[in-house]
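Undergrad: My questions concern the predicted model and sequence given below.
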Amino acid sequence: MGTTRFIYWQDDDIWLGYLEEYPDYMTQGKSLEELKENLKDIYDDLTSGAIPYVRKVAELEIA
């Protein structure tokens, strides 16, 4: 089991966030814990191939 970074914020009574590596796939939760669970579900879907044509963020080394 590993870790991944995520970006999150609170908007009134809703927590919003997305995985840093997959910024196009945002989710929400009624609490920070619910948001984290929803992010884990999205991560599973994105890495299992259940969602086609997944866009990712990567770094490119420039010489």
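TA: Nice, thanks for sending it over.
Undergrad: The most centrally placed residue in the chain and Glu37, how far apart?
TA: Nearest to the geometric centre of the chain sits Leu19, at 2.4 Å (CA atoms, centre = their mean). Distance of Leu19 to Glu37, given as CB to CB, to the nearest Å: 13 Å. Every residue, glycine included, has its C-beta placed from N, CA and C.
Undergrad: Parallel or antiparallel, list what pairs with the lengthiest strand in the chain.
TA: Looking across the chain with DSSP state E, the single longest strand is strand 22-29. Sheet pairing of strand 22-29 (DSSP bridges) gives strand 14-19 (antiparallel).
Undergrad: what is the mean pLDDT for the partner strand?
TA: The pLDDT scores in strand 14-19 average 98.
Undergrad: Leu39 reaches Tyr25, doesn't it?
TA: No. The criterion here is CB atoms under 8 Å, and Leu39 misses it with Tyr25 at 9.0 Å.
Undergrad: what is in contact with the two at once?
TA: Residues touching both Leu39 and Tyr25 by CB atoms under 8 Å, 6 or more residues apart in numbering: 18-19.
Undergrad: quick one, which of these two is more surrounded?
TA: Using other CB atoms under 10 Å, the more surrounded residue of Leu39 and Tyr25 is Leu39, with 21 against 16.
Undergrad: For that one, which non-adjacent residue is spatially closest?
TA: In space, and not counting its chain neighbours, Leu39 is closest to Phe6: 5.5 Å by CB to CB, 6 or more residues apart in numbering.
Undergrad: how about Gln10, what does it touch?
TA: Contacts of Gln10 by CB under 8 Å, 6+ apart are Leu16.
Undergrad: I'd assumed it was in a strand, is it?
TA: Yes. Assigned with DSSP: H, G, I helix; E, B strand; the rest coil, Gln10 falls within a strand.
Undergrad: Please report how far Gly17 lies from Trp9.
TA: Taken as CB to CB, the span from Gly17 to Trp9 is 7 Å.
Undergrad: more crowded one of these two?
TA: Each of Gly17 and Trp9 has its neighbours counted (other CB under 10 Å); Gly17 has more, 20 against 9.
Undergrad: Bridging across strands, which residues link to the more buried one?
TA: Judged by DSSP bridges, the bridge partners of Gly17 are Tyr8, Thr27.
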